[in-house]
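Asks: what follows is a predicted protein model with its sequence.
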2 protein chains.
Amino acid sequence: MKLYDRDHSGNCHKVRLLLSMLGLEYESVPVDLGSGENRSPEFLSLSLRGQVPTLTDGDVTVWDSQAILVYLARRYGGEEWLPIEPVAMSEVMQWMAMSENELLFGLARARQNKMTNGPWPWDLVSEYGRSGLAVMNEHLAERNWLALDRPTIAEPACYPYVALAHEGEISLDDYPAVRAWLARIEALPGYVGMPGIGD
Amino acid sequence: MKLYDRDHSGNCHKVRLLLSMLGLEYESVPVDLGSGENRSPEFLSLSLRGQVPTLTDGDVTVWDSQAILVYLARRYGGEEWLPIEPVAMSEVMQWMAMSENELLFGLARARQNKMTNGPWPWDLVSEYGRSGLAVMNEHLAERNWLALDRPTIAEPACYPYVALAHEGEISLDDYPAVRAWLARIEALPGYVGMPGIGD
């Protein structure tokens, strides 16, 4: 397997986490967004959007972090990380949606604003991100994991941009249950870090 | 089944489309966001985020449009609308991700900006939305449906905010393959419209 990758990308880290937790070997192929490598015809033939992460596994190519997590869980994880029973699967998908909404367009965009002068207004996205943290904190006050009684792909999907919130100048002080959940993930077999987490 | 619903919500319409295409009966329960009904303790006990759509089906409650589509497809659609084979499922999920990213934080936020003076900057979100339309247009130039050789939940997930793009002052003139795809969806058995589409 090859993961088209970028060290500082939380979206890439979602995939790195699951690959490691599943014990899968892969080659990380760095893609230089600064030089426009992601807009080359070669890369666009793999990834229509010209984005990392993109995964190749033999003849299979998957773009988008969420789709890659689903692919890996279904192909290599049995039903442990993504069950196919309708209620359980939709529980996981609720938190996948949180990862794509409040966390990506809240916390991650706030980080992009502060780290690389990104264009999304910090006041707007940081407030949106905090609304997600508040929901997660209330939910996690009574349980260990987001969707089920064990870790699922909701955990690697939601972990990176919460753990990196401080880089967007969003404090987790008000969200103790979220901090405890981060620590539980960091104690899982196969957990790996990334730049900005635990530095 | 009860769908907590709002007429003008494209996210709610994703669910209405699939319910209708699956031939499922349901009761639409309007939720008045203006009066804050969605922040009532009663509603928040169903939907942690205080958002529509939220679905109840007997004892089961599912919030988030994406999670509801997955739930309905898995529970009532066999594998037709969401296959469980890893590659096919990830193909569907790639376009579910498009619906949550470029379409929701592009096209839908542009619409919110123009229709209700929403806070997301139009220049930014309209450009992001058009990047999604360009990818869809290229992809759909060579195929009828987004993910597989038949409609999947990617279709109801992506349809509403594309069909409503004009309300965000984003023209589909440059995306003929996308317009042809909209027409194919509108010809499917069980298709239903909503305010702003085909007015």
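Replies: Perfect, thanks for sending it.
Asks: going by secondary structure, A:Thr61 is in what exactly?
Replies: A:Thr61 belongs to strand A:60-63 when assigned by DSSP states H and E.
Asks: by mean pLDDT, point me to the weakest helix or strand of chain A.
Replies: Sorting the helices and strands of chain A by mean pLDDT, DSSP states H and E puts helix A:41-46 at the bottom, at a mean of 90.
Asks: follow-up on the earlier one: and the strand holding A:Thr61, does that touch chain B?
Replies: Yes. Counting by CB under 8 Å from any CB of the partner chain, chain B has neighbours in strand A:60-63: A:60, A:62-63. All C-beta spots, glycine's among them, are computed from the backbone N, C-alpha and C.
Asks: run through the neighbouring helices and strands of the least confident helix or strand of chain A.
Replies: With contacts taken as 3 or more CB pairs under 8 Å, 6 or more residues apart in numbering or on different chains; DSSP states H and E, helix A:41-46 sits against strand A:54-57.
Asks: still on that earlier bit, can I get the residues of strand A:60-63 next to chain B in JSON lines including pLDDT?
Replies: Rendered in JSON lines, the data for the residues of strand A:60-63 next to chain B read as follows (pLDDT from 0 to 100):
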{"residue": "A:Val60", "pLDDT": "97"}
{"residue": "A:Val62", "pLDDT": "98"}
{"residue": "A:Trp63", "pLDDT": "97"}
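Asks: buried among the residues you listed? Make that a ChimeraX selection.
Replies: Buried residues among the residues of strand A:60-63 next to chain B (16 or more other CB atoms under 10 Å in any protein chain shown), as a ChimeraX selection:
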select /A:62,63
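Asks: give the contact list for A:Gln51.
Replies: Contacts for A:Gln51 (CB atoms under 8 Å, 6 or more residues apart in numbering or on different chains) come out as A:11, A:38, A:63-64.
Asks: minimum pLDDT in the residues you listed, which residue is that?
Replies: pLDDT across these is at its lowest for A:Asn38, which sits at 87.
Asks: what is the neighbour count of the residue nearest to that residue when sequence neighbours are not counted?
Replies: Leaving aside its sequence neighbours, A:Asn38 sits nearest to A:Gly50 (CB to CB, 6 or more residues apart in numbering or on different chains; 4.5 Å). Number of residues near A:Gly50 (other CB atoms under 10 Å in any protein chain shown) recorded here: 19.
Asks: of the contacts of A:Gln51, just say which sits nearest to A:Pro195.
Replies: Set against A:Pro195, the nearest of those by CB to CB is A:Asn11 (14.0 Å).
Asks: now name the helix or strand holding A:Arg111.
Replies: helix A:109-116.
Asks: do that helix and chain B meet at all?
Replies: No. Helix A:109-116 lies out of reach of chain B by CB under 8 Å from any CB, never closer than 8.9 Å.
Asks: gap between that helix and the chain center?
Replies: In terms of CA atoms, centre = their mean, to the nearest Å, the centre of helix A:109-116 is found 16 Å from the chain centre.
Asks: by how many degrees do the helix or strand just after it and helix A:109-116 diverge?
Replies: The helix or strand immediately downstream of helix A:109-116 is helix A:122-140, counting by DSSP H and E. Orientation of helix A:122-140 against helix A:109-116 (axes from the mean of the first three to the mean of the last three CA atoms, to 10 degrees) gives an angle of 130 degrees.
Asks: let me know the next secondary structure element after helix A:122-140.
Replies: helix A:154-163.
Asks: picking that back up, residues in contact with the helix or strand that the strand holding A:Thr61 is followed by: which ones?
Replies: Remark: after strand A:60-63, the chain's next helix or strand is helix A:65-76, criterion DSSP H and E. If you take CB under 8 Å, 6+ apart as the criterion, helix A:65-76 is touched by A:11-12, A:14-15, A:18-19, A:22, A:24, A:53-55, A:57, A:60, A:62, A:80-82, A:96, A:99-100, A:152-153, A:156-157, B:84-87, B:89-91, B:93-94, B:96-97, B:100.
Asks: which of those residues count as buried?
Replies: Burial by neighbour count, 16+ other CB under 10 Å: within those this picks out A:11-12, A:14-15, A:18-19, A:22, A:24, A:53-55, A:57, A:62, A:81-82, A:96, A:99-100, A:152-153, A:156-157, B:86, B:89-91, B:93-94, B:96-97, B:100.
Asks: returning to that earlier point: what's the helix holding A:Arg111 packed up against?
Replies: Here helix A:109-116 touches helix A:122-140, going by 3+ CB pairs under 8 Å, 6+ apart.
Asks: who does the helix it packs on touch, helix- and strand-wise?
Replies: With contacts taken as 3+ CB pairs under 8 Å, 6+ apart, helix A:122-140 sits against helix A:86-98, helix A:109-116, helix A:154-163, helix A:176-186.
Asks: low pLDDT regions in chain A?
Replies: Within chain A, the stretches with pLDDT under 70 are A:199.
Asks: around chain B, pick out the residues from it.
Replies: Within reach of chain B by CB under 8 Å from any CB, chain A has these residues: A:48-49, A:60, A:62-68, A:70-71, A:74-75, A:84-87, A:89-91, A:93-94, A:96-98, A:100-102, A:104-105, A:119-121, A:124, A:131, A:135, A:138-139.
Asks: helix/strand/coil for the residue nearest to A:Asn38?
Replies: On the three-state scheme (DSSP: H, G, I helix; E, B strand; the rest coil), A:Gly50 is labelled coil.
Asks: thought it was touching A:Glu42?
Replies: No. If you go by CB atoms under 8 Å, A:Gly50 and A:Glu42 don't touch, sitting 10.8 Å apart.
Asks: got the helices and strands packed on helix A:122-140 as a markdown table, with distance to B:Lys114 columns?
Replies: A markdown table is the format used below for these (distance: least, CB to CB, whole Å):
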| stretch | distance to B:Lys114 |
| --- | --- |
| helix A:86-98 | 25 |
| helix A:109-116 | 21 |
| helix A:154-163 | 29 |
| helix A:176-186 | 35 |
